[in-house]
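Asker: coords below, sequence missing:
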């Protein structure tokens, strides 16, 4: 069983001239929660949710959102394997009144167990999840990663 511990202290979306749009603070979460509603949403957003894909198993771990059972088998896995197996985390950003949302920066704090996935790739539904916004190497200590988002409008 592979464990991947996601410490997502916040996801910070920054839009030019508008500041922070949405964030999730997981310091009070048990780790095995089904989903987490954004703890901050600016006035143009509602019902923003962080959740995990159906291919992984929720496990407890204070102040985070955790999962185990990443991928199956002992062979190397790919991003396509993760997508096909529903082995991912996702967040949904909902605007009010169909406003356009053009984030410039997405910041995520991540950590993995030694046996868990060692990379994370961010994609967006704007292009049907076809393009990578960015890929980072995830270690066993929490680290802040910053992605520059260029797909627009969202």
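Answerer: Noted; the coordinates are in hand. Since the model is a prediction, treat every value here as computed from it, not as a measurement. Numbering: from 1, shown residues only.
Asker: OK, contacts around residue 52?
Answerer: 58, 65, 67, 88-90 (CB atoms under 8 Å, 6 or more residues apart in numbering). No exception for glycine: its C-beta is placed from N, CA and C like everyone else's.
Asker: now these: which count as buried?
Answerer: Neighbour counting by 16 or more other CB atoms under 10 Å classes 58, 65, 67, 88-89 among the contacts of residue 52 as buried.
Asker: which two in those are spaced the farthest apart?
Answerer: By the measure CB to CB, 58 and 88 form the most distant pair in these, at 13.5 Å.
Asker: ranges for the strands of this structure?
Answerer: For the chain, strands defined by DSSP state E occupy the ranges 3-6, 11-15, 19-20, 22-23, 35-37, 40-41, 49-52, 57-59, 65-68, 89-92, 103-110, 119-123, 132-137, 143-148.
Asker: where in the chain is pLDDT low?
Answerer: 1-18, 73-74, 76, 151-154 (pLDDT under 70).
Asker: at 90 instead, please
Answerer: The chain contains residues with pLDDT under 90 at 1-20, 44, 70-85, 95-104, 114-117, 124-130, 149-154.
Asker: Redo the buried ones among the contacts of residue 52 as TSV? Include distance to residue 150.
Answerer: Converted to TSV, the buried ones among the contacts of residue 52 look like this (distance: CB to CB, whole Å):
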residue	distance to residue 150
58	32
65	26
67	28
88	21
89	21
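Asker: wait, doesn't residue 83 sit right on residue 130?
Answerer: No - between residue 83 and residue 130 there is no contact under CB atoms under 8 Å: 10.8 Å.
Asker: quick one: which of the two has more around it?
Answerer: residue 83 (15 against 9; other CB atoms under 10 Å).
Asker: any idea how far that one is from residue 111?
Answerer: 22 Å (CB to CB, to the nearest Å).
Asker: Wait, residue 123 touches residue 133, no?
Answerer: Yes - using CB under 8 Å, residue 123 makes contact with residue 133 at a distance of 6.2 Å.
Asker: OK, contacts around residue 139?
Answerer: Residue 139 touches 111-112, 118, counting by CB under 8 Å, 6+ apart.
Asker: With that, I have no additional questions.
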